[in-house]
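Novice: I would like the atomic coordinates for the input below:
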Amino acid sequence: MNYLLGEKIARARNAKKLTQEQLACRLNISRQTVSHWENDDSQPNVEMLLKLMQVLELEAGDLLKVE
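Specialist: From the prediction side, this is the model:
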């Protein structure tokens, strides 16, 4: 399946059993920012993508690969 970036972030967050608030806290951002990413209203910048990969224990391809 070809998931949008926001859906990939949400799936990875849920797999780690994190709330949006918990993920936001670990990234030092607001919960609303996480919500915007997951709804594809905005996208994380490169720095945030790197932090997301670290916190969610993902490889770059897991988030960025288009199938």
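Novice: for the chain, give me the ranges with low pLDDT.
Specialist: Scanning the chain for pLDDT under 70 picks out 1-2, 66-67.
Novice: rerun that using 80 as the cut-off
Specialist: 1-3, 65-67 (pLDDT under 80).
Novice: distance from the chain centre to stretch 17-28, please.
Specialist: 10 Å (C-alpha atoms, centre = their mean, to the nearest Å).
Novice: 33 is where my numbering starts, stick with that
Specialist: In the new numbering, first residue 33, that becomes stretch 49-60.
Novice: may I see the buried residues of it?
Specialist: Burial within stretch 49-60, assessed by neighbour count using 16 or more other C-beta atoms under 10 Å, is assigned to 50, 52, 55, 56, 59. C-beta coordinates here come from the backbone N, C-alpha and C atoms, glycine included.
Novice: and if you look at stretch 68-78?
Specialist: Using 16+ other C-beta under 10 Å, the residues of stretch 68-78 that count as buried are 69, 70, 76.
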